[in-house]
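J.: When you get a sec, could you give me coordinates for this:
(one chain, ligands or ions: 2)
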Amino acid sequence: MVGIRDANVEVVKGSDMKTLPTLEDAYLLIENGLIKSFGPDAEAPERADEIIDATGRFVFPCWCDSHTHVVYAGSREKEFVDKINGLSYEEIARRGGGIVNSALRLANATEQELFDAAWMRLEEMEKFGTGAVEIKSGYGLSFEGELKMLRAIKKLKEKSKIVIKSNFLGAHAYPTEFKQNHEGYIDLLINGMLPQIADEGLADFIDVFCDRGFFSADETDRILQAGAKYGLRPKIHANELDYSGGIEIGVKNHALSVDHLEFTGDEQIAALRNSGTMPTLLPSTAFFLGLHYPPARKMIDAGLPVAIATDYNPGSSPSGNMPFVVSLACIKLKMLPEEALNAATINSAYAMDVVKQMGSITVGKKGSVFVSKPISSLAFLPYSFGSNIVERVIIANN
Ligand code: NIG
Ligand code: FE
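T.: Numbers count the residues shown, from 1 in each chain. Ligands and ions are numbered 1, 2, ... in the order given. Here you go, the predicted structure:
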């Protein structure tokens, strides 16, 4: 059984990331959806309503996928082919594809259709062992569209056993009608959408795509400060396409996480050190878009914590497969299996503010765990990339 932690451990950083506390020949007792006790098998209680024999298998705390966009309409495989033919992600966006393309499709979908499509995606993610998911808005890009997305997320929260957090990403791209009028859109975000979203309790966090060609560091700063007035903590997109200033602005605004970080140098690492902001890497996005990978090794060796997530979305990472992300973290980011597993559980739980309930085997946390197929060692999980070694997933009732 892996990922055993005391309740006071909320983040694992630097050289501690290569330690993943493990117990062999263990028992785990789940009662009323919570972890009641665990320990050596010899001390297992004699009775339980249901007993699962996990001989030869590993038991993991469920993945926490702290960065996704699983509420969206349609798909974008035409742009996928455009990319194969040589167009870049930014070029596609300039030609009216990308996020704005998804916004057009979303405008024609009902809240129920959005809910149904996202529900199917969540079901598939659960089969890969995911027990908590952060979901962003950001394909609405209009008052009605953003509210429709956030209301669909709210309904997913209510109906799913998966723990869900909602992130308002109205500042994902400038909609076509505001391309030449940034102030107009920022005004709509701050004075139109935010008060209504706060009023309906539709968001836990606020996000901005702070990058070249999208939102500048100054624009991001203003939007995050406006969100803070409504108690929305930032979790932002930063430094995916360039040194955008997003990491520094995120840290300044006490972001829970800054995500992507393909462009991270010594100054950005220094800004993150001793902050409460979790650097979150999305290796399947770099994989899918053919970007260079973020310097995970450098970050961990500098003493930082690192989280990983899927970024599941129609444009840059159309997959919610956390075991594959763990494999990529090892293969491409040169993280050790233990580091990747900590990044996908305890640290990603912190990055989405669910670490009190999820992310480790800890008495009192949710009994959301998965059991592997019989495997020879922990490293077999990332090593066997692309295959699903998950045999059984138990998601605690909320
Ligand atoms: O996280 N980078 C910004 N947003 C998404 C992509 C959204 C899209 O292309 O639809 C991301 O990669
Ligand atoms: Fe994203």
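
J.: sec struct for the residue of the stretch 51-200 of the chain found nearest ligand 1, please.
T.: The nearest approach of the stretch 51-200 of the chain to ligand 1 comes at I99, 4.7 Å away (Cβ to the nearest ligand atom). Placement of C-beta: from N, CA and C, glycine included. Reducing the assignment at I99 to three states with DSSP: H, G, I helix; E, B strand; the rest coil gives helix.

J.: so it makes contact with H237?
T.: No - the pair formed by I99 and H237 falls short of the contact definition of Cβ atoms under 8 Å, at 11.0 Å.

J.: Is the closest residue to T110 other than its chain neighbours part of a helix or strand, or is it coil?
T.: Excluding the flanking residues, the one nearest T110 by Cβ to Cβ, 6 or more residues apart in numbering is K148, at 8.0 Å. Assigned by three-state DSSP, the conformation of K148 is helix.

J.: neighbour count winner among I99 and H237?
T.: Legend: neighbour count by other Cβ atoms under 10 Å for I99 and H237, higher for H237 (30 against 25).

J.: Might one say that the more buried one is in contact with R212?
T.: No - no contact is recorded between H237 and R212 when judged using Cβ under 8 Å, the distance being 11.8 Å.

J.: Pretty sure T285 is one of the things P318 touches, is it not?
T.: No - here P318 lies out of contact with T285, judged by Cβ under 8 Å, at a distance of 10.2 Å.

J.: so how far is stretch 295-310 off the chain centroid?
T.: Shown here is stretch 295-310, whose average C-alpha point lies 15 Å from the average C-alpha point of the whole chain (Cα atoms, centre = their mean, to the nearest Å).

J.: That stretch: end-to-end distance?
T.: Terminal residues of stretch 295-310 lie 17 Å apart, using Cα to Cα, to the nearest Å.

J.: and P318 and T285? which has more neighbours close in?
T.: T285 (28 against 18).

J.: My reading is that the more buried one is in a helix; is that accurate?
T.: Yes - note on T285: a helix contains this position according to three-state DSSP.

J.: show me the contacts for it.
T.: Under the criterion of Cβ atoms under 8 Å, 6 or more residues apart in numbering, the contact list for T285 reads 240, 260, 291, 311, 316-317.

J.: Inside strands: which ones of these?
T.: Per DSSP state E, strands hold the following members of the contacts of T285: H260.

J.: and the contacts of T285 near ligand 1, which?
T.: Among the contacts of T285, the ones lying near ligand 1 by Cβ under 6 Å from any ligand atom are 240, 311, 316.

J.: Burial check on the first one, number of neighbours?
T.: Around E240 there are 26 other residues, counting by other Cβ under 10 Å.

J.: that older thread, mind giving me a markdown table with the contacts of T285 and columns for pLDDT?
T.: Output for the contacts of T285, formatted as a markdown table (pLDDT from 0 to 100):
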| residue | pLDDT |
| --- | --- |
| E240 | 95 |
| H260 | 98 |
| L291 | 90 |
| D311 | 98 |
| S316 | 94 |
| S317 | 97 |
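
J.: now the end-to-end length of stretch 72-89.
T.: Its first and final residues considered, stretch 72-89 spans 18 Å by Cα to Cα.

J.: How far off centre is that stretch?
T.: Centroid separation for stretch 72-89 versus its chain: 22 Å, with Cα atoms, centre = their mean.

J.: again, but for stretch 391-398
T.: On Cα atoms, centre = their mean, the centre of stretch 391-398 falls 19 Å from that of its chain.

J.: my guess is the residue nearest to T110 meets E113, correct?
T.: No - here K148 does not reach E113: they are 10.0 Å apart, not a contact under Cβ under 8 Å.

J.: Looking at those two, which one has more neighbours?
T.: Summary of the neighbour comparison: K148 and E113, criterion other Cβ under 10 Å, with K148 having more neighbours (22 against 14).

J.: State the number of residues packed around whatever residue of the chain ends up closest to ligand 1.
T.: For the chain, the residue closest to ligand 1 is G315, as judged by Cβ to the nearest ligand atom, at 2.2 Å. The local packing of G315 (other Cβ under 10 Å) involves 25 other residues.

J.: Spatially, and excluding backbone neighbours, which residue is closest to L114.
T.: In space, L114 comes closest to A152 once its chain neighbours are excluded; the distance is 4.2 Å by Cβ to Cβ, 6+ apart.

J.: and the host helix or strand of that neighbour, what's its mean pLDDT?
T.: If you go by DSSP states H and E, A152 is part of helix 143-159. Along helix 143-159, the predicted local confidence has a mean pLDDT of 98.

J.: Contacts for the helix or strand bottoming out on mean pLDDT in the chain, please.
T.: Between all helices and strands in the chain, the lowest mean by mean pLDDT, DSSP states H and E belongs to helix 89-94, at a mean of 86. Applying Cβ under 8 Å, 6+ apart, the external contacts of helix 89-94 come out as 79, 82-83, 98-100, 173, 212-213, 241, 289, 315-316.

J.: rewinding a little: so for I99 and H237, which residues contact both of them?
T.: By Cβ under 8 Å, 6+ apart, no residue touches both I99 and H237.

J.: Would you check that L341 makes contact with C62?
T.: No - counting by Cβ under 8 Å, C62 is not a contact partner of L341; they are 11.9 Å apart.
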